Each structure stands twice: as structure tokens, then as C-alpha cells.
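Visitor: my questions concern the predicted model and sequence given below.
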Amino acid sequence: MVPFPLTWLYVPGDRPRVVTKALASGADVVIVDLEDAVAPDRKEYARDATAELLSEPPPVPVHVRVNAVDGPLATADLAAVAPRPGLAGLRLPKVTSAEQVARVAARAEAARSPSPADGPGPPLYALLETALAVERAYAIASAHPSLRGVSIGESDLRADLGVQRDSGLDWSRARVVVAARAAGLAPPAQSVHPDIRDLEGLAASCAHGRALGFLGRAAIHPRQLPVIERAYLPTDRELEEAETVVKAATTDRGAQALPDGRFVDAAVVAAARRTLALARRC
């Protein structure tokens, strides 16, 4: 996986041809969905097809979104995909507690590893989709060493909160960004933009998400990928400023002023180095 994945493309698990196209789409990560995108009578087929896909490592990292972690289908999903060598991560929908994460981690590790010497289970990513989940964001984000990320499922959260305007989700978004940082996780990726034709709206939404502290975004169509990548990669001006900050920091004299009057301290330098690393991610 690239050090800073920016694009996460969802694809239905019961459509193997579409999954194959997704693997060649240029997405940093492909998320094969066994949950919302699959009709009830197609769940078993989707699970079997995904397990077969992951029997060998695919050309790009593949995550699998299993069915609701406390539901009857999740156990079968975990047993089918967790042991597969091509699995790069498990996406856990509708998480509301740290205990759920710990239980899934134990089940996934048991499915992958016949003995403790075989190593840990797959990386986990929790989706927070209710008010209760957002309220418990830090507890969930710090629930288990196997948890590598948290993000918001905005469609379900919007319905749960009764939010009419997009700005009504900003407090929840910021809450999850802070929780991820406090737990030592990577910045969350934004939730999907549901209108695949509205690329201008997608770009504006990405700019807003970036300002809130998100990094990258989930997508539901390949045409969204270049818009997301452009929105989240540093601009030429940002790169120039980051280079100036890093050069100023080479003197190792503590906080110091740049020619434009700004002060540079350790936190500013760290942020500048992250900017340069993001630009070099390819």
C-alpha cells in the first residue's frame, strides 16, 4: 500500500467483473463490499467470490467490508475472508463500541492464525454510523492494536441525526478526526460523495474535508478518483512553503522566524515534513 492512500474505491462483492475493473482503476485501495451493496439473496455468492479473489494477493490492496459486526452474517464473512492471503484489511460497519472491535479482532485473528505464533489478524477499520458511535469515537479508535483507522458512514449518520444540511455533520466529522489523532491513527478518509456526476461538488466537498483534517476519500465510481487525488495532494504553493520551513529547521536552533515573519517550531516542522512526504507518496 502507498504510504498515504488517498482513494478508496467501493465495489460490490457480487460483481466479480466490476471488482476486476476496480483493481485496474488506479485506486489506492479497493474495498469489496459484502454489506449494503449486496442484496440479501446474493450475500453467499458475494462472500464466496470475494474469498476466491483473495486466495492470492491482488495487484492493489483489497479491503473487505463485512456485514454488520453483531449480525448473523458477519461470522461467516470473517471465516471466509480473514484467512485469505490477499486480504489487506477488514472494514467493520455500524460499530458502536470498543467491545465490538475487540471481539472482531479476536475472531479474525483466530480465523487467520491456527496458533498464536502465526501472528496477528488483519488490520481493522471501524465505520462510525450513528450518534452513539460518534459519542464513543475515541474509545472505539483506541479499542485494539489491530484497529488502524476510523471513518464516518455519513448516509446512516445523517439519517440517525435527522440532519438536513451537510454542514450539520461538521461537528461529528471534527470529533472523529480528533479521536483518530488522539488514538495515534492516520487521519480519517472522507465518506463517499453519492452523486457520481457532480464532480464540481465533489471537489468542493473534498476541499472542505481537507480543511477539517481528513486525508483522502472513499469513492463509488472510478471517475471520482482523480478529483479526490487532486484535492488532497499538496499544491505547488504548499510544497514551496513546506520546503522553506524544513530548510529553516536544519539550523536546529529551536523556534525561529521565517523571512515573512512566521515562527517555525517543532510542530510546524513536523507538519511541513508530512506535506513533503505526501507529495512523494507515488
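Guide: Thanks, I have it.
Visitor: all helices of this structure, in order?
Guide: Taking DSSP state H to define them, one finds helices in the chain at 16-23, 43-53, 74-81, 98-112, 131-135, 137-141, 154-161, 170-182, 199-212, 225-232, 236-249, 266-279.
Visitor: need these in TSV with mean pLDDT and distance to residue 35, can you?
Guide: (Glycine included, C-beta is placed from N, CA and C.) Formatted as TSV, these follow (pLDDT from 0 to 100; distance: least, CB to CB, whole Å):
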stretch	mean pLDDT	distance to residue 35
helix 16-23	97	15
helix 43-53	98	9
helix 74-81	96	9
helix 98-112	93	14
helix 131-135	98	15
helix 137-141	98	18
helix 154-161	96	11
helix 170-182	98	20
helix 199-212	98	23
helix 225-232	97	22
helix 236-249	83	36
helix 266-279	84	30
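Visitor: Throw those into JSON lines and include distance to residue 33, thanks.
Guide: Below are the helices of the chain laid out as JSON lines (distance: least, CB to CB, whole Å):
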{"stretch": "helix 16-23", "distance to residue 33": "10"}
{"stretch": "helix 43-53", "distance to residue 33": "8"}
{"stretch": "helix 74-81", "distance to residue 33": "11"}
{"stretch": "helix 98-112", "distance to residue 33": "17"}
{"stretch": "helix 131-135", "distance to residue 33": "19"}
{"stretch": "helix 137-141", "distance to residue 33": "21"}
{"stretch": "helix 154-161", "distance to residue 33": "13"}
{"stretch": "helix 170-182", "distance to residue 33": "21"}
{"stretch": "helix 199-212", "distance to residue 33": "20"}
{"stretch": "helix 225-232", "distance to residue 33": "17"}
{"stretch": "helix 236-249", "distance to residue 33": "34"}
{"stretch": "helix 266-279", "distance to residue 33": "27"}
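Visitor: so who does the spatially closest residue to residue 134 that is not a sequence neighbour touch?
Guide: Closest residue in space to residue 134, ignoring its immediate chain neighbours: residue 172 at 4.7 Å, by CB to CB, 6 or more residues apart in numbering. Taking CB atoms under 8 Å, 6 or more residues apart in numbering, we find residue 172 in contact with 134, 152, 157, 161.
Visitor: same thing but 7 Å
Guide: Taking CB atoms under 7 Å, 6 or more residues apart in numbering, we find residue 172 in contact with 134, 152, 157.
Visitor: and the last one, how many neighbours?
Guide: Using other CB atoms under 10 Å, residue 157 has 23 neighbouring residues.
Visitor: tell me, how many residues neighbour the closest residue to it other than its chain neighbours?
Guide: Spatial nearest neighbour of residue 157, excluding adjacent residues (CB to CB, 6+ apart): residue 129 at 5.4 Å. Number of residues near residue 129 (other CB under 10 Å) recorded here: 24.
Visitor: and residue 129, how far is that from residue 19?
Guide: Residue 129 sits at a distance of 24 Å from residue 19 (criterion: CB to CB, to the nearest Å).
Visitor: can I get the contacts of residue 172 in a markdown table with distance to residue 269?
Guide: Below are the contacts of residue 172 laid out as a markdown table (distance: CB to CB, whole Å):
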| residue | distance to residue 269 |
| --- | --- |
| 134 | 32 |
| 152 | 30 |
| 157 | 36 |
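Visitor: which residues touch the residue nearest to residue 111 when sequence neighbours are not counted?
Guide: Among residues not flanking residue 111 along the chain, residue 82 sits closest, at 3.9 Å (CB to CB, 6+ apart). Neighbouring residues of residue 82 by CB under 7 Å, 6+ apart: 108, 111, 112, 121, 122.
Visitor: and those residues, which two are the farthest apart?
Guide: Within these, two members stand farthest from each other by CB to CB: 111 and 122, at 9.1 Å.
Visitor: out of those two, which sits in the more crowded spot?
Guide: Using other CB under 10 Å as the criterion, residue 111 and residue 122 rank with residue 122 on top: 23 against 18.
Visitor: residue contacts, that one?
Guide: Contacts of residue 122 (CB under 7 Å, 6+ apart): 82, 87, 89, 90, 108, 112.
Visitor: and these, which two are the farthest apart?
Guide: Pairwise distances across these (CB to CB) peak at 12.4 Å, for the pair 89 and 112.
Visitor: can you tell me the centre-most residue of the chain?
Guide: Closest to where the C-alpha atoms of the chain average out (CA atoms, centre = their mean) is residue 189, at 4.5 Å.
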